[in-house]
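Participant: Let me see the structure of the following:
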Amino acid sequence: MKIAYGTMMTAVMALNSLIIPAGFAVVKTVTSAPVKADNLKGTITISGAWALYPMAVKWSEEFKKIHPNVRIDISAGGAGKGMADALAGVVDVGMVSREVTAGEIKKGAWWVSVTKDAVVPVVSENNPHLKTLLARGVNRDTFVNIWITEKVATWGQVAGTDDSTAINVYTRSDSCGAAETWAKYLGKTQEDLAGVGVFGDPGLANAVRKDNLGIGYNNVNFVYDPKTKKAIEGVKILPVDLNGNGKIDTDEEFYS
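Facilitator: Okay, the predicted model is just below:
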């Protein structure tokens, strides 16, 4: 069985949260003779979703503690690459951070869920309206009008002021689960998202970090420090006003 292994992010609205994607592994079968655990050796190749990359690295480190003779090569490049590589037989495992399509399953993809993730909107910690944005939040309709219809083009429209400063909108340039998940929350697909395309989760986070007027979205793995559980320096999660009342209520403040 040939394996395309990765995260599949199924966009789901939780009662008090953003989109919660479920991770999965995609696989294609290969038959091999049973091997004793102590005698395991060889190479496993993995590529795909940035969302799964940090976890795949951690899993490989733990696996190699038990099976030191196994080499695991892992590369990130987006869910689209993980799926394409797996189906083409370029890698053993493809990391996918979105739903697997019927067409991909028909081509031989087999997946298994491995984790959960979330995609969150982000701005620079130096955004001139940050205090207001954190207090008011932003509702789904406004996000739709930023990324889809482009009717909301200034920070004044978002913050409720007369500021005519333009919003610098960022999206992903690579085929990826984060963009598909965010787009699905907005009722569309990745191809419908407006903005300057940036490659990879780290690239998008860095673009927003350096742009005081920028807005983007990221998998939580690239917004929070895994050790401190706090947002990384330079980036702020933009809270979502889920009930649309123009403020972030106590039950909507779960980002810190």
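
Participant: So what touches the helix ranked longest in the chain?
Facilitator: Assignment by DSSP state H gives helix 53-66 as the longest helix of the chain. Residues outside helix 53-66 that contact it (CB atoms under 8 Å, 6 or more residues apart in numbering): 23, 37, 46, 70, 72, 74, 76, 95, 114-115, 221, 226. Where C-beta positions appear, they are placed from N, C-alpha and C, glycine not excepted.

Participant: try 10 Å
Facilitator: Residues outside helix 53-66 that contact it (CB atoms under 10 Å, 6 or more residues apart in numbering) are 5-7, 23, 25, 37-38, 40, 44, 46-49, 52, 70-77, 82, 93, 95, 97, 114-115, 117, 200-202, 219, 221-222, 226.

Participant: ok, then the element right after it?
Facilitator: strand 70-76 (DSSP states H and E).

Participant: all helices for the stretch 151-256 of the chain, in order.
Facilitator: 155-159, 177-185, 201-210 (DSSP state H, counting those that start in this stretch).

Participant: Quick one: closest of the ones you listed to Gly137.
Facilitator: For the helices of the stretch 151-256 of the chain, the distance to Gly137 is smallest for helix 155-159, at 10.1 Å, taking CB to CB.

Participant: Could you name the helices and strands sitting against that closest one?
Facilitator: In terms of contacts (3 or more CB pairs under 10 Å, 6 or more residues apart in numbering; DSSP states H and E), helix 155-159 is packed against helix 130-136, helix 140-147.

Participant: Next, Val120: secondary structure please.
Facilitator: strand (DSSP: H, G, I helix; E, B strand; the rest coil).

Participant: which one of the helices and strands packed on helix 155-159 is the most hemmed in?
Facilitator: Among the helices and strands packed on helix 155-159, helix 140-147 has the highest mean neighbour count (mean count of other CB atoms under 10 Å), at a mean of 19.

Participant: what's near enough to touch Thr161?
Facilitator: 128-129, 132, 154-155.

Participant: And those, which is closest to Tyr185?
Facilitator: Of all these, Trp155 has the smallest distance to Tyr185: 21.4 Å, by CB to CB.

Participant: That closest one and Gly48: what is the separation?
Facilitator: 35 Å (CB to CB, to the nearest Å).

Participant: Compare neighbour counts for those two and give me the winner.
Facilitator: Between Trp155 and Gly48, counting by other CB atoms under 10 Å, Gly48 is the more crowded of the two (35 against 23).

Participant: Next, the contact list for Lys230, please.
Facilitator: Applying CB under 10 Å, 6+ apart to Lys230 gives the contacts 223-224, 256.

Participant: All set, thanks.
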